[in-house]
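1. This is the structure alone, sequence omitted:
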């Protein structure tokens, strides 16, 4: 296939497999102005799939930076009514939500972190119906990568920009299996490939996980008594299968928000809201971050943990083997969607109700009581190394190896 054919095939894959768009369903698409051509292809594929209406919302890193540099804090503390109406109405009508990611990893470097935190808080308050619909498994949502010049230049700094963009697109196509004869069928096979390990993990009923490696990580994370391991796609409460992340290589669960003790070291850079954090460590006590350090971006970590009470607690534990296809590609994407699928990772902030037995039918208070973190943020950070060991600890104290030297141990 030539590039246009690959791009069209990728768009078809996202709409059919990522969003599993239904006849007569609306689609809300968020894209960068740098991805207008791809947004048009996605819109076309959505209509070919039977979409009722596609609403496209464009963003721009450089405009966003201007807003953060020149608007007062109170602007970000008051989320626009029209935008909240758009988001909440999409949830109300059952629209699928598709977001393209491809920002410059340093797009908002140096911006006042208080404004970023205020924006996160206010949006989750104003768009509660929208975010609740996603968290409770009522909305199909998908995040997929799309190359942009600024992102490509950061990933491949030694190449001319046009070559860098082309190389980044090819790397993306590889991670999402566009190079397969039938990418949609390949993704269905990929979904099934997770089942055996999910079944084994769920049968163990581990009480905790113990992480260790040569970086100094020594962390014990408690698990919920009725926790469920998920992976290989998701399913809404009405039974619609979809892929929230394209690519995806992880099996994950939501830990007990009150039970994490020890220290964990990052193994890859973290890009958060256009800011870079590198070489950092987090110390947990009784489930909450009690101390942290970073060679670059400590102020970004401070902002992450200050969003709300749950932002400094764990919401996810994800298992990804060291030999992940994304890691073996040799590309450091500086984008969480891709890098988290090249490495075991943890996330602070919002937990997943569908990772708890009966969680999607529980109220917020019931989820909190059951150990699921509640937050306006969810920030993944990578901890996987070639020598990472993860042991599962049962209630009776017996220990079973889950990962040894960065790979599955069973």
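-> Arrived safely, thanks for sending. These numbers were taken from a predicted model, which means no experiment stands behind them.

2. Only C-alpha atoms from now on, for both contacts and neighbour counts.
-> Fine.

3. Let me see the contact set for residue 103.
-> Residues near residue 103 by CA atoms under 8 Å, 6 or more residues apart in numbering: 61, 148, 150, 151, 274.

4. could you redo the last one with a cut-off of 7 Å?
-> 61, 151 (CA atoms under 7 Å, 6 or more residues apart in numbering).

5. Kindly confirm my reading that it is in a helix.
-> No. Using DSSP: H, G, I helix; E, B strand; the rest coil, the assignment for residue 103 is coil, not a helix.

6. Look at it and report its pLDDT.
-> At residue 103, the model reports a pLDDT of 94.

7. for the one 3 residues further on, same thing?
-> Reported pLDDT at residue 106 in the predicted model: 95.

8. what does residue 410 give?
-> In this model, residue 410 carries a pLDDT of 88.

9. what helix or strand is the residue positioned nearest the centre of the chain on?
-> Taking CA atoms, centre = their mean as the criterion, residue 337 is the residue nearest the geometric centre of the chain, at 5.5 Å. Here residue 337 sits within helix 336-339, counting by DSSP states H and E.

10. average pLDDT for that helix?
-> 97.

11. Next: stretch 135-147.
-> 97.

12. same deal with stretch 25-33?
-> pLDDT averaged over stretch 25-33 gives 98.

13. Any buried residues in it, and which?
-> By neighbour count with 16 or more other CA atoms under 10 Å, stretch 25-33 contains the buried residues 25, 26, 27, 28, 29, 30, 31, 32.

14. measure the first one to residue 93 for me?
-> From residue 25 across to residue 93, the span is 8 Å (CA to CA, to the nearest Å).

15. Just give me the neighbour total for residue 68.
-> Neighbourhood size, residue 68 [other CA atoms under 10 Å]: 19.

16. residues in contact with the helix or strand of the chain with the lowest mean pLDDT?
-> Least confident element among the helices and strands of the chain, by mean pLDDT, DSSP states H and E: helix 325-328 (a mean of 93). Contacting residues not belonging to helix 325-328 are listed as 175, 341, 342 [CA under 7 Å, 6+ apart].

17. From residue 296, how far out is residue 272?
-> 12 Å.

18. So which of these two has more stuff around it?
-> Taking other CA under 10 Å, residue 272 and residue 296 do not tie; residue 272 has more neighbours (23 against 15).

19. Phi and psi next, for that one.
-> phi -130, psi 120 (degrees, to the nearest 10).

20. Bridged to it, which residues?
-> Note on residue 272: beta-bridge partners residue 275, judged by DSSP bridges.

21. Report whether the expected contact of residue 142 with residue 20 is present.
-> No. The criterion here is CA atoms under 7 Å, and residue 142 misses it with residue 20 at 9.7 Å.

22. Mind listing the shared neighbours of these two?
-> Joint contacts of residue 142 and residue 20 (CA under 7 Å, 6+ apart) do not exist.

23. helices or strands next to the helix or strand residue 63 falls within in the packing?
-> Residue 63 is located in helix 61-70, with elements delineated by DSSP H and E. Applying 3 or more CA pairs under 7 Å, 6 or more residues apart in numbering; DSSP states H and E, one finds that helix 61-70 makes contact with no other helix or strand.

24. Pull out the buried positions in it.
-> Neighbour count says helix 61-70 has 61, 65, 68 buried, by 16+ other CA under 10 Å.

25. Over to stretch 39-48?
-> 39, 41, 42, 43, 44, 45, 46, 47.

26. Repeat that for stretch 366-382.
-> 367-368, 370-382.

27. how close does residue 170 sit to residue 18?
-> Distance from residue 170 to residue 18, by CA to CA: 19 Å.

28. These two - which one has more neighbours?
-> Shown here are residue 170 and residue 18; by other CA under 10 Å, residue 18 has more neighbours (28 against 17).

29. and that one, what does it touch?
-> Residue 18 neighbours (CA under 7 Å, 6+ apart): 142, 242, 243, 244, 246.

30. could you dump these to TSV with distance to residue 288 and neighbour count?
-> Putting the contacts of residue 18 into TSV (distance: CA to CA, whole Å; neighbours: other CA atoms under 10 Å) gives the following:
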residue	distance to residue 288	neighbour count
142	29	22
242	32	23
243	30	25
244	27	22
246	30	23
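
31. Throw these into CSV and include secondary structure, thanks.
-> CSV is the format used below for the contacts of residue 18 (three-state DSSP):
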residue, secondary structure
142, strand
242, strand
243, coil
244, coil
246, strand
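
32. And these, which two are furthest apart?
-> Taking CA to CA as the measure, the contacts of residue 18 span a maximum distance of 10.2 Å, between 242 and 246.

33. Residue 28 falls within a strand, correct?
-> Yes. Assessed with three-state DSSP, residue 28 lies in a strand.
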